[in-house]
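K.L.:
Please work out how this folds:
(2 chains, ligands or ions: 2)
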Amino acid sequence: MSTVRHVVVGGGVAAASTVATLRSGGFDGELVLVSDDDTVPYERPPLSKDFLEPGSPPTPTLIREPQWYADHQVQTLLGVKAQRLDPRARRLKLSTGESLSYDGLVLATGVRARPAPGDASDRILTLRSLADAKLLRSRLASAEHVAVLGGGFIGCEVAATAVGLGKRATIVERADVLMNKALGHSIGAIFTDIHRAKGVELHLNSVVLGVHDTGSSAVVRTNHGSIEADLVVVGAGSLPNVELAAEAGIVTDNGIVTDQFCRTNVPNVYAAGDVASSYHPFYNQHLRVEHHDTATRHGAAAARNLLGHDEPFLEAHWFWSDQYEHNLQRTGRAEGSDEVVIRGSLDDLKFSAFALRDGRIRSVISLNQPRDVIAVRRLLFVDHDVTADKLRDQAMPLNRLRSRMPASATAEERTS
Amino acid sequence: MMTDDATRRWQDTQHIDDLWEGDMVGVEIDGTKVLVVNVDGAVRAFENKCPHQAWLLDEGDFDGESITCLRHMWTFAADTGAGINPDDTTLKSFPCRVNADGIIQVDVE
Ligand SMILES: Cc1cc2nc3c(=O)[nH]c(=O)nc-3n(C[C@H](O)[C@H](O)[C@H](O)COP(=O)(O)OP(=O)(O)OC[C@H]3O[C@@H](n4cnc5c(N)ncnc54)[C@H](O)[C@@H]3O)c2cc1C
Ligand code: FES
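P.N.:
Numbering: from 1, shown residues only, chains lettered A, B, ... in the order given. Ligands and ions are numbered 1, 2, ... in the order given. The predicted structure is shown next:
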């Protein structure tokens, strides 16, 4: 009898957490991680923040030390791309020319940055990988003026870091506020003010028409004129790496489509992390998010399901962003909510904005008030009863919102 | 155990009556930031510093079982300090005890 072999494709947190959970969950067969990155899985969040500062260590924060993979008999094939998948033969063709058979396969191929417009140039950069961040870090060190195209999270974080390093930073954004898509207009407007107050130059309502490298600088043409900078960072969103799956006949739709157990439509093939568009039972729809914590938990869930646990992935999505001294967090989804309630102080930049519907909290965005987020994360999918007045009252602890257990259940508990 | 105890440098923090089950508090001992936790009546002391990005853990959340750092939600088992998410990290722990007078004492050396 040959040993069972599971293969994980990807080198991000989702892949790292899949292999770790397979091992901690008792899988003792062969385990192979295939990543086209040259480094064992590392943390991406610092890459737009501390890592860019010249004084911080030039090495990435690894999710696990290389020794861990050796100790746990996880074979890491680094700098190797999984090129073709033949689900019928259960084989994966690698860029090395070799092919790898598998019993279970987890695709955690993540996303890539939407490419920069125009020609390749080392003045016009995107940011996704460690290699991208190293290049940006070195270019940033000698730049005086950085133009950031796109006022989403990565763009805003890069601008905040650049300003912190004493650089001039300009953000070009199509909408009239920053982070509009992720935070909505009113919270986006607060962040817009924060960046403006820190000295970031903002070109809002501006559409980029083209970017080119003049040989001594980079010029961004917009519908409102041109911006000349030493360096352009393009934060124009991302594209899920679905090609491997799609070519193998796996259903994709803005991501690799999975059910609540991380399973694709093809037997023995799972998907997790940023690349996966997973059915979420609470929201009754497929959702693909690009959040670190979700990717970690999703990878672990894929591993448990591969081990036969039939555990639905029911997490509340949660993410954070650190910009300047501010910590922003969000959990839940605001769609379909009909009321927004503020707890805390907008002026002091210490508040939470709750989106409500039918006496339930649908989501919360907190600025420098993360305690509310953890409370909401515990409430989102359980019964609770809330009013705007209760939420506004900072003296009322949020954990009191949880509906009381029925009296009989309480009595039962007491007697046991 | 006895000799071990004798060589320790116990330093007073606060009275156990002021740290209820499910409570945690941040204290400073000889410049070391310490987190003191009452887990089901047992007192534990950890370095008050998240292994992720050094955030103060007493600003975090303690639900009686696990401690969550609110900066990026890393969680730790309060009785051992072992990481729950992620599960390959551990809080640095310090020996601690409650003396006969009910004072919680910690050795940070
Ligand atoms: C700069 C930056 C800052 C961020 N900051 C935050 C933050 O503050 N908070 C937050 O919640 N989230 C943040 N995120 C998002 C978070 O990092 C992602 O959600 C997370 O990395 C997703 O992990 P993943 O494993 O699903 O995918 P990825 O991290 O994208 O990893 C996918 C991996 O698969 C590899 N791969 C792809 N195709 C193949 C193939 N065919 N063969 C072999 N290997 C392949 C890729 O090279 C890559 O290593 C940030 C992301 C970036 C880029
Ligand atoms: S600093 Fe504690 S979780 Fe990041």
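
K.L.:
So residue A:386 sits against residue A:401, correct?
P.N.:
Yes. With contact defined as CB atoms under 8 Å, residue A:386 reaches residue A:401; the gap is 5.2 Å. All C-beta atoms are positioned from the backbone trio N, CA, C, and that covers glycine.

K.L.:
what sits in contact with each of the two?
P.N.:
Common neighbours of residue A:386 and residue A:401, using CB atoms under 8 Å, 6 or more residues apart in numbering or on different chains, are residue A:361.

K.L.:
so how many other residues sit close to residue A:106?
P.N.:
When neighbours are defined as other CB atoms under 10 Å in any protein chain shown, residue A:106 has 31 of them.

K.L.:
check which helix or strand covers it.
P.N.:
Element membership for residue A:106, per DSSP states H and E: strand A:104-107.

K.L.:
strand partners of the helix or strand just after that strand, parallel vs antiparallel please.
P.N.:
Scanning forward in sequence from strand A:104-107 by DSSP H and E, the next helix or strand is strand A:111-113. Partners of strand A:111-113 in the sheet, by DSSP bridges, are strand A:238-240 (antiparallel).

K.L.:
Next, the buried residues of the partner strand.
P.N.:
A:238, A:240 (16 or more other CB atoms under 10 Å in any protein chain shown).

K.L.:
mean confidence score for that strand?
P.N.:
Throughout strand A:238-240, pLDDT has a mean value of 97.

K.L.:
What distance do you get for the nearest residue to residue B:37 once chain neighbours are set aside to residue B:89?
P.N.:
Leaving aside its sequence neighbours, residue B:37 sits nearest to residue B:24 (CB to CB, 6 or more residues apart in numbering or on different chains; 4.4 Å). Using CB to CB, to the nearest Å, we find residue B:24 at a distance of 18 Å from residue B:89.

K.L.:
so who does residue A:53 touch?
P.N.:
Going by CB under 8 Å, 6+ apart, residue A:53 touches A:161, A:164, A:165.

K.L.:
Just confirm residue A:8 contacts residue A:34, I think it does.
P.N.:
Yes. Using CB under 8 Å, residue A:8 is in contact with residue A:34, at 7.1 Å.

K.L.:
Test my guess that residue B:16 contacts residue B:101.
P.N.:
No. At 9.4 Å, residue B:16 does not count as touching residue B:101 under the criterion of CB under 8 Å.

K.L.:
Between these two, which is the more surrounded one?
P.N.:
Neighbour comparison, residue B:16 and residue B:101: the larger count goes to residue B:16, with 17 against 9 (by other CB under 10 Å).

K.L.:
got a list of what the more buried one touches?
P.N.:
By CB under 8 Å, 6+ apart, the neighbours of residue B:16 are B:38, B:43, B:98, B:102, B:103, B:104.

K.L.:
just those now: which is nearest residue A:72?
P.N.:
For the contacts of residue B:16, the closest approach to residue A:72 (CB to CB) belongs to residue B:43, at 34.3 Å.

K.L.:
In the sheet, which residues pair with that closest one? Tell me.
P.N.:
As for beta bridges, residue B:43 partners with residue B:38 under DSSP bridges.

K.L.:
One more: residue A:344?
P.N.:
residue A:351.

K.L.:
thought it was touching residue A:351?
P.N.:
Yes. Residue A:344 lies in contact with residue A:351 (CB under 8 Å); the separation is 3.2 Å.

K.L.:
hey, what's in contact with both of the two?
P.N.:
Each of residue A:369 lies in contact with both residue A:344 and residue A:351 under the rule CB under 8 Å, 6+ apart.

K.L.:
Residue A:8 and residue A:34: which has the busier surroundings?
P.N.:
Taking neighbours as other CB under 10 Å, residue A:8 and residue A:34 compare with residue A:8 leading, 32 against 25.

K.L.:
next helix or strand past the helix or strand encompassing the more buried one?
P.N.:
Secondary structure from DSSP H and E places residue A:8 in strand A:5-9. The C-terminal neighbour of strand A:5-9 among helices and strands, as given by DSSP H and E, is helix A:13-24.

K.L.:
Worst mean pLDDT across the helices and strands of chain B, which element?
P.N.:
One helix or strand of chain B scores below all others by mean pLDDT, DSSP states H and E: helix B:2-7, with a mean of 63.

K.L.:
Beyond it, next helix or strand please.
P.N.:
Immediately after helix B:2-7, counting by DSSP H and E, sits strand B:11-15.

K.L.:
ok, that following strand: who's next to it in the sheet?
P.N.:
According to DSSP bridges, strand B:11-15 has these partners: strand B:103-106 (antiparallel).

K.L.:
Quick one: distance of the strand it pairs with to the chain centre.
P.N.:
Remark: strand B:103-106 is offset 11 Å from the chain centroid, using CA atoms, centre = their mean, to the nearest Å.

K.L.:
Low-confidence ranges, chain B, go.
P.N.:
Scanning chain B with the threshold set as pLDDT under 70 gives B:1-5.

K.L.:
By proximity to ligand 1, which residue of it wins?
P.N.:
residue B:72 (7.6 Å; CB to the nearest ligand atom).

K.L.:
Would it be right to say that that residue lies in a helix?
P.N.:
No. Read with DSSP: H, G, I helix; E, B strand; the rest coil, residue B:72 is coil and lies in no helix.

K.L.:
If anything else comes up later, I'll come back, but that's it for now.
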